[in-house]
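S.K.: sharing a sequence plus its predicted fold:
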Amino acid sequence: MTAFRRRIELQTGRALPTYTDLWRWSVDERGAFWRAAWELCEVIGQRGWAPYLVDDRMPGARFFPDARLNFAENLLRRDDHAPAFIFVSETHARRELSFSELRAQVGALAAWLRAEGIRPGDRIAGIVPNCPEAIVAMLAATSLGAVWSSCSPDFGVRGVLDRFGQIEPRVLFVADGYSYGGKTHSLAERIAEIRAGLPSVEHVVAFSFIGQGGVRHAESFEQIVVVHAPAPRFERLPFAHPLFILFSSGTTGIPKGIVHCAGGVLLKIGVEHRLHTDLCRDDRLFYFTTCGWMMWNWLATGLASGATLVLFDGSPFQPNERVLWDLAERERVTIFGTSAKYLDAIRKSGLEPKRTHDLASLKTILSTGSVLAPESFDFVYEGIKKDVLLSSISGGTDIAGCFAAGSPTLPVHRGEAQCLALGMKVEVFDEHGHSLPPGEKGELVCTRAFPSMPVGFWNDPDGRRYRAAYYERFPGVWHHGDWVELTANGGMTLYGRSDAVLNPGGVRIGTAEIYRPVEQLDEVVESIAVGQDWDGDVRVVLFVRLRDGVTLSAELESRIRAAIRSHATPRHVPARIVQVGDIPRTKSGKIVELAVRDVVHGRTPKNLEALANPEALEQFRGREELAS
C-alpha cells in the first residue's frame, strides 16, 4: 500500500500523505486509478488505448473498452513446483498440487472441453466441494471464455435447478459426495435428478471425493486430465466478457443470476488482495468458504498474486473447535479468512488459540459475512494474536468485492471496518438521497462507477431487473441495501441489512445494535430480531437460542433487556423475548430476518431452498408469546 501510494505521488506530482488522500485521488481520477491497478496487478493482456473509462454513469460505464485479456491466463502466470493448493478435508485427507501440475491439469481439461465444442459464452457449472478439482474446472472453463457458476454440494435438487436451470449449462462438474459434521453424503442419486431437470447438460464430469463413485453416465475427471495433456491455451476476450454467474441468496424469491466480467473481477479483487490485504507470492491464503459463496471466487483469484491457497472442506467444528487453528498452525497460514459468526462461536467455546497454537506465521485475519461485534475485535487480540491485522471487510456477491476493506498501514479501531476501498466512492444517504456526515446512520451507496459492477442479470435482456435492484432507489447511484455509518476515523460501522432495519415508533434501528449486547451474555448462543406489526405500529421481537440446558427465565429476560438498554437505547429494548432451538440461515451462514418476519406474520417465506436449515422456521410460527 505504501509503495503504491508513493508510486502514484511520483507519477502525478501530487502529495498524498495519508490513506484518505490516496482514496480521494482513486475516486476522483478513476480512469487513472484503474490503469494504475492494471499495472499493479501485472495484468497479462492488451490494455488498449486511453480513455480507460467511458460513459461514466451507473449503469452503463465502460472500463478499458479496447482491452483484451483472459482471466485464467492471469491466474496461471506462475509455473513452478511450489504448492498452488494445499487441500485438507474434514476427514483429514491432505493433498498438494503444484503450480506446474495445476497448469497441466487445466490444459488437459480445457483441451477436452474444446474438443467437445465448448466456446466463449457457453455456461459451465459445478456442484463441487471446496477442493482443487473445483478450481481446476473453473480455470479450464474460463481459459476458453466459457462462463462459470458453482454451488456447494449440500444444495438440494430444487436449489440447484432454481440456479442452473436459468443459465442452461452445457457441462456439469460434480463430486461423488461430500463430508460434513462427521457424516458422509453420496451425491449419486441427487445428480441423476438434477441432470434430468437440466436438459441443456451434454456432459457430466465426475471426480472422486468420498471414494464411493456411483455417478451414472458421467465422464471421469481423473481420466480426462491424464489423457489430454497439452499446455493451456487462452482465449483473450474483451474486458467486459462474462466470467462468473454468482447467485443472490434467493431468500426473497428465485435467486438472481448476477453476471460478472473477467476484467472487473480481476482488477477489483486484485486491488483488494495486493493492496488492502498485502498478499504476495510468499503468502498462504486461507478462507473458510464453500463454492456457493462469492468468497470462494475471491479466494481462487489469489492465484493471480502467486500465493498458495489453503483449501478446507467440511465443518469448522469437526471433530472439535480446534480444527481450523490446527490447519493454520500446521500449514503456516499467513492470511486467515472467516466469518464474524465463526469468530463469535470460537469466543463462546472458550478456546483461546494464542494459548493452544503456534500462530507465528499469521499476519492477517479477515472477517466478513455479517457484522463483527466490538467484543469480537477484543477476542481476536486477546484470545488469538496480539500483533495480527484484523480486517473486517464488507461488500457482496453483487460487486464481487468490498466497499469497506482493510489496510496494513492503518490502525484497527474496535467495531469498525478500517477504510473505504480504493476506487469506491462510498457514501451514506438518508431516505431523501442526501449525503450524511460521519456519525449518522443511513443507506450505503456508491455514487461513482466501478469496474466490478455486474454486466447485468441473466435472462434480463432489457436490464429492467438489474436497474430495479440497485439504481432505482437513488437514480444513477448504486444502492446496496446495508445500514451503516461512516466514522471519524475514515472507516465504517455496519448495522445489518437496511431491509431488516426495525422501525418502532418511526425510529430506525439496525439489528446488529441489538445482537451485539445480547450475544455477549454467556447464556445466549445467538439471536435474531424482527419487527412485528402491532396496534398500528411496529414492536421489536427478539428470538434467542440459548446454551444447551438453559431456559429463558424472568431473570435472564431482565438481564437481556438491561444489556440492550445500557448498550443501546430504550427504543432498542424488545417488547417480547422468545426462546427458540435454532435460527434459520442461508447456506453461506447469514441469518434471515425477512424469512422469520414473514413467518411471524403468517406469510409463507419465498424459496426455502436457499436456506441451510428451513425446518428451523417452524419454531417461529404461531407463537403464543406474540399473540398479546
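M.R.: Everything's here; your move.
S.K.: quick one: the strands in the stretch 401-550 of the chain?
M.R.: Under the criterion DSSP state E, counting those that start in this stretch, strands of the stretch 401-550 of the chain are mapped to 401-405, 419-420, 426-429, 442-446, 456-457, 478-486, 492-497, 524-534, 537-546.
S.K.: quick one: strands adjacent to the longest one?
M.R.: Pairing partners of strand 524-534, with direction, according to DSSP bridges: strand 537-546 (antiparallel).
S.K.: buried residues in the partner strand, which are they?
M.R.: Using 16 or more other C-beta atoms under 10 Å as the test for burial, strand 537-546 gives 538-546. From N, CA and C alone the C-beta is placed, and that goes for glycine too.
S.K.: likewise for stretch 507-518?
M.R.: So, applying 16+ other C-beta under 10 Å, buried residues of stretch 507-518: 509-518.
S.K.: list the contacts of that stretch.
M.R.: The contact list for stretch 507-518 (C-beta atoms under 8 Å, 6 or more residues apart in numbering) reads 370-371, 373-375, 441, 483, 494-497, 500-503, 524, 526-529, 540, 542, 544, 560, 563-564, 566-568, 571-572, 574, 593.
S.K.: returning to that earlier point: got JSON lines for the buried residues of stretch 507-518, with pLDDT and distance to Gly145 too?
M.R.: Shown next, in JSON lines, are the buried residues of stretch 507-518 (pLDDT from 0 to 100; distance: C-beta to C-beta, whole Å):
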{"residue": "Ile509", "pLDDT": "82", "distance to Gly145": "47"}
{"residue": "Gly510", "pLDDT": "84", "distance to Gly145": "42"}
{"residue": "Thr511", "pLDDT": "88", "distance to Gly145": "42"}
{"residue": "Ala512", "pLDDT": "86", "distance to Gly145": "41"}
{"residue": "Glu513", "pLDDT": "87", "distance to Gly145": "46"}
{"residue": "Ile514", "pLDDT": "91", "distance to Gly145": "47"}
{"residue": "Tyr515", "pLDDT": "90", "distance to Gly145": "44"}
{"residue": "Arg516", "pLDDT": "86", "distance to Gly145": "46"}
{"residue": "Pro517", "pLDDT": "90", "distance to Gly145": "51"}
{"residue": "Val518", "pLDDT": "93", "distance to Gly145": "49"}
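S.K.: closest to Gly60 out of those residues?
M.R.: Gly510 (31.9 Å; C-beta to C-beta).
S.K.: how close does that closest one sit to Ser498?
M.R.: Separation of Gly510 from Ser498 (C-beta to C-beta, to the nearest Å) stands at 8 Å.
S.K.: quick one: low-confidence ranges for the stretch 101-250 of the chain?
M.R.: Low-confidence segments of the stretch 101-250 of the chain (pLDDT under 70): 250.
S.K.: where exactly do the helices run in it?
M.R.: 132-143, 157-167, 188-196, 221-227 (DSSP state H, counting those that start in this stretch).
S.K.: buried deepest among the ones you listed, which one?
M.R.: Among these, the stretch with the highest mean neighbour count (mean count of other C-beta atoms under 10 Å) is helix 132-143, at a mean of 27.
S.K.: from the middle of its chain, how far away would that helix be?
M.R.: Here helix 132-143 is found 19 Å from its chain centre; the criterion is C-alpha atoms, centre = their mean, to the nearest Å.
S.K.: His217 is in contact with Ala188, correct?
M.R.: No - the criterion here is C-beta atoms under 8 Å, and Ala188 misses it with His217 at 10.9 Å.
S.K.: can you get me a residue count around Glu168?
M.R.: 15 (other C-beta atoms under 10 Å).
S.K.: that one against Ser200, yeah?
M.R.: Yes - at 3.7 Å, Glu168 counts as touching Ser200 under the criterion of C-beta under 8 Å.
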